[in-house]
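Q: This is the structure alone, sequence omitted:
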């Protein structure tokens, strides 16, 4: 969290420094024009990427497939378009990284791997909670439902513990 705060405070200073260096090299008005054109491109990318993602998602749903790949592609493209909207040269470079096909696919693979790992962790945690394991917290044994064995209900005591 502290690193995010430092980055949040330091990033505008870095953007201004890079803008100053670029404007001294090519001139103020050409640098400003590049910033404005980049933002206009960001608006265009956001519109087109959003529409394309919706259409591809609808197509894959009609085929009966899960649109995970299209959703990740749309997410990374939207991030790239959003970065283009933000004025500055550093964000424009990051946006180009998100929008180029080969780097976008590499980012999608990393995002998908992280999402799958998170889903596995959440599933394991949920199964542990249902089983009344140690992650279920204190008093988990008292909250267990009666077990059903071959259609018979085993009687047991139930105690509710409110905090």
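A: Yep, it's here. These numbers were taken from a predicted model, which means no experiment stands behind them.
Q: Isn't residue 68 up against residue 108?
A: No. Using CB atoms under 8 Å, residue 68 makes no contact with residue 108, being 9.8 Å away. Yep, even glycine has a C-beta here, placed from its N, CA and C like the rest.
Q: Neighbour count: these two, which is higher?
A: Ranked by neighbour count (other CB atoms under 10 Å), residue 68 and residue 108 place residue 108 first, with 18 against 14.
Q: Enumerate every residue touching that one.
A: Neighbouring residues of residue 108 by CB atoms under 8 Å, 6 or more residues apart in numbering: 69, 72, 73, 76.
Q: Drop anything exposed from those.
A: Buried by 16 or more other CB atoms under 10 Å: 72, 73, 76, out of the contacts of residue 108.
Q: Out of those residues, which is nearest to residue 20?
A: Among the buried ones among the contacts of residue 108, residue 76 lies closest to residue 20 (CB to CB), at 30.2 Å.
Q: Point to the helix or strand of the chain where mean pLDDT is at its lowest.
A: strand 148-149 (a mean of 54; mean pLDDT, DSSP states H and E).
Q: between the contacts of residue 108, which is nearest residue 83?
A: The shortest approach to residue 83 among the contacts of residue 108 belongs to residue 76, at 10.6 Å (CB to CB).
Q: Look up the pLDDT of that closest one for me, please.
A: The per-residue pLDDT reported for residue 76 equals 86.
Q: Isn't it up against residue 104?
A: Yes. Using CB under 8 Å, residue 76 is in contact with residue 104, at 5.2 Å.
Q: how close does residue 74 get to residue 36?
A: With distances taken as CB to CB, to the nearest Å, residue 74 is found 26 Å from residue 36.
Q: between those two, which one's more packed in?
A: Legend: neighbour count by other CB under 10 Å for residue 74 and residue 36, higher for residue 74 (18 against 11).
Q: can I assume that one sits in a helix?
A: Yes. Assigned with DSSP: H, G, I helix; E, B strand; the rest coil, residue 74 falls within a helix.
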